[in-house]
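S.K.: Below: sequence and its predicted model.
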Amino acid sequence: MDFFNIVVVVGLFITGLTAIPVFTQMRHHPRGLHILFFAEMWERFSYYGMRSILIFYLTQHFVFSQGFASSQYGAYTSLVYLMPLIGGILADKYLGTRKAIAFGALLLVAGHLLMAAEGNSASQTLKYQDAVYKFEVDGRGDLRRTFLPIGDARCELNAPESAESTCTISASEQGDLVFTGLPSNAPIPETIPQGSYELGVADRNPLFVSIFYMALSLIIVGVGFLKGNISAIVGQLYPQGDPKRDPGFTLYYYGINLGAFWATALCGLLGTSVGWWAGFGLAGVGMLFGWLVFTRARLLFWTKGPAQLPDDVGRPPEAANLQGKGFIGLSREWTIYAGGLAAVLVVWLLVQSPPAQVLNGLNDFTQSALGFMNLPRQDHVHIFYLLMLGSVVFLAYIFFTMAKLTKHESQRLGLALILVAAATVFWTLFEQAGSSLSLFADQNTQLPSDGFMTVTAAQTQSFNAGFILLFAPVFAALWAWLGSRNLDPNPTLKFGLGIIQVGIGFFMLVIGAQFADGQFQVPMIFLILLYMFHTTGELFLSPVGLSAISKLSVYKVLSTMMAIWFLSSAWAQYIGGIIAGMTETDSVAGTALSNEAALKASLDVFWILGWVGVGVGVALSLASFLLKHMAHGAFTEKTPDELAAQAAVKPAE
């Protein structure tokens, strides 16, 4: 495989086109922004690099079913968005953002490098009439080919038309296994009816499965200490009311997507072509660079010189308090670090599927309570109850507080909760990228595979970040132009329009299915169009999301509303995992048993997701003209003098 492929070349062009003006603008911002820019860029590089190949690692290396892999993916990403709630509290009260970020980054380095310990691949087996046959897999990624040795023959599963296999396997619409070219003395018939054979798994090493879950746990806790805090430290660089603050966050947002693009382009290529260890290892090296840049406070961390991040930024609120007595003779600071390591063990238990007897009881209760929704039984239903508990606690506190506020303040909080619910819908649909859409790219998309013109399934996740790099400056200019003419849509309308676009994206694949080839694969242009609409939808919603919540919240519940925002993202990830599982069809070592069945299952779900997105988006857009009055001026821009006067007034307790 050519490692200098079309995705890398296009990425170099986009980076060169967009990075020069970004770095030029950064010179006019406070000292230290570039340190945070590159630290977060490398952190996102590690996260999205690992995410780009995670679903394939689960289905092709460990040979988990697509349904379990999607549920596992949802459980992992849900916990990733839950942990910053705890990390933010510890940073605000004790550690300060700088120490919290450094500790979190170190956990991330350990987690990503541990992911590279993959062990031997598991094998898919076929049991028929007491005989067990083991499938063999040649190659990786899009060059992967799956065979079943039968006697002297080696039968290929879903052999492409260009293949010269003399014996092939396919699945009928009824799920029967159909063999062609079997030798006359083969111990199996040419057609094995569904129900008379059983697919199983052999050689899955429990030790390496446990190592995998430990790696995920280190990453989850590491993100918890880092994710929210590094954004907070960016804000600390700017004084209250500084007009450069929002443009500074825009530059920072560019760094996030620059890391995301190159992560999916490079880790996605290496992971599915060289080896999983290479993709995960590169993600770990990227995080190590981020940790060194941040802790050394120098972009060129290997050189000597003064720190490029101001010393007063991100310090503990009470440094002396950290040295106070903690647990078993440790200082309070080291007690927190020890607690972080203990949290890794707790998360290790949460992120994996508990013993069957525990899940059966939870699943039975859930099925009886939510039977009308016809949900499949869940492998990680305990995450549902964890999210439910958090939601009840936080929302109860908000509703209790609203009863004590003025009418205008209560209505603002009500609008904030509506936007949080809308964002949950958006991210549930959008975050199919790492699960069902990645599997669709692998199974049902015509991906070029010819040297330089190769695009791997994992690399398709780079389309979103690439479009962000191209479109973000355009949208920023558009909002500024509309704002100067008092035509900028209110945030509620932007949310609605963003959700409509994410729904339209799924319709692109439904339309593209009309042009599927004989292998039931859709032209790649329709997947590109999906990511284009998802990106424009993201640019309508994401940049104004947290800003809108902060403007609508009263001071005393601002942190709680930020927690609810992250909690909603965790809900979106969990629900997204359930939805992705609904696209599951029978597979062999990560290869769909029937591409036709895989396409139909995906399109059935995508058709529903499209209508959900468009329906919710249209409803919210129409309602926005009424809902905007609930803001009571919260979205009205203030002059610098008004901001200075506001900052001088101490918020009421």
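M.R.: Structure received.
S.K.: C-alpha from now on. contacts and neighbour counts both.
M.R.: Fine.
S.K.: OK, contacts around residue 461?
M.R.: For residue 461, the contacting residues are 52, 264, 433-434, 438, by Cα atoms under 8 Å, 6 or more residues apart in numbering.
S.K.: Format these as JSON lines; extra columns: secondary structure.
M.R.: Shown next, in JSON lines, are these (DSSP: H, G, I helix; E, B strand; the rest coil):
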{"residue": "52", "secondary structure": "helix"}
{"residue": "264", "secondary structure": "helix"}
{"residue": "433", "secondary structure": "helix"}
{"residue": "434", "secondary structure": "helix"}
{"residue": "438", "secondary structure": "helix"}
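S.K.: which one of these sits closest to residue 74?
M.R.: Set against residue 74, the nearest of the contacts of residue 461 by Cα to Cα is residue 434 (9.5 Å).
S.K.: Wait, a helix at residue 627?
M.R.: Yes - counting by three-state DSSP, residue 627 is located in a helix.
S.K.: Which residue, other than its chain neighbours, is closest to it?
M.R.: The shortest distance from residue 627 to any non-neighbouring residue, by Cα to Cα, 6 or more residues apart in numbering, is to residue 415 (7.1 Å).
S.K.: how close does that neighbour sit to residue 494?
M.R.: Distance of residue 415 to residue 494, computed by Cα to Cα, to the nearest Å: 14 Å.
S.K.: Distance-wise, check the closest residue to residue 274 other than its chain neighbours relative to residue 272.
M.R.: Distances taken as Cα to Cα, 6+ apart put residue 140 closest to residue 274, at 7.8 Å, once the chain neighbours are dropped. Remark: distance between residue 140 and residue 272 (Cα to Cα) = 5 Å.
S.K.: Neighbour count: the two, which is higher?
M.R.: Using other Cα atoms under 10 Å as the criterion, residue 140 and residue 272 rank with residue 272 on top: 27 against 15.
S.K.: residue contacts, the more buried one?
M.R.: 53, 140-142, 279, 456, 458.
S.K.: Pick out the most distant pair among those.
M.R.: 142 and 279, at 15.3 Å, using Cα to Cα across the contacts of residue 272.
S.K.: Relative to residue 146, which of the contacts of residue 461 is nearest.
M.R.: Nearest to residue 146 out of these is residue 438 (Cα to Cα; 19.2 Å).
S.K.: what sits against the closest one?
M.R.: 55, 432, 457-458, 460-461.
S.K.: can we see that at 7 Å?
M.R.: 457-458 (Cα atoms under 7 Å, 6 or more residues apart in numbering).
S.K.: With residue 495 instead?
M.R.: 540-541.
S.K.: host element of it?
M.R.: Residue 495 belongs to helix 491-512 when assigned by DSSP states H and E.
S.K.: State the next helix or strand along the chain beyond that helix.
M.R.: Helices and strands here follow DSSP H and E; after helix 491-512, the next one along the chain is strand 522-523.
S.K.: got a list of contacts for that next one?
M.R.: 444-446, 512-513, 515-516.
S.K.: Which strands border it, and is each parallel or antiparallel?
M.R.: Strand 522-523 has its sheet partners listed here by DSSP bridges as strand 445-446 (parallel).
S.K.: any idea which helix or strand comes after the partner strand?
M.R.: Note on strand 445-446: by DSSP H and E, the next helix or strand toward the C-terminus is helix 462-484.
S.K.: Run the chain-centre distance for that following helix.
M.R.: 21 Å (Cα atoms, centre = their mean, to the nearest Å).
S.K.: Packing partners of it?
M.R.: In terms of contacts (3 or more Cα pairs under 7 Å, 6 or more residues apart in numbering; DSSP states H and E), helix 462-484 is packed against helix 245-273, helix 524-552.
S.K.: pLDDT averaged over that helix, what's the number?
M.R.: Summarised as a single mean, pLDDT over helix 462-484 is 87.
S.K.: Show me what counts as buried in it.
M.R.: Buried positions in helix 462-484, judged by neighbour count with 16 or more other Cα atoms under 10 Å: 462-469, 471-472.
S.K.: Can you give me the distance of the spatially closest residue to residue 610 that is not a sequence neighbour to residue 617?
M.R.: Leaving aside its sequence neighbours, residue 610 sits nearest to residue 503 (Cα to Cα, 6+ apart; 4.0 Å). Per Cα to Cα, residue 503 is found 8 Å from residue 617.
S.K.: So if I had to pick from those two, which one is more boxed in?
M.R.: Each of residue 503 and residue 617 has its neighbours counted (other Cα under 10 Å); residue 503 has more, 29 against 26.
S.K.: residue contacts, the more buried one?
M.R.: 609-614.
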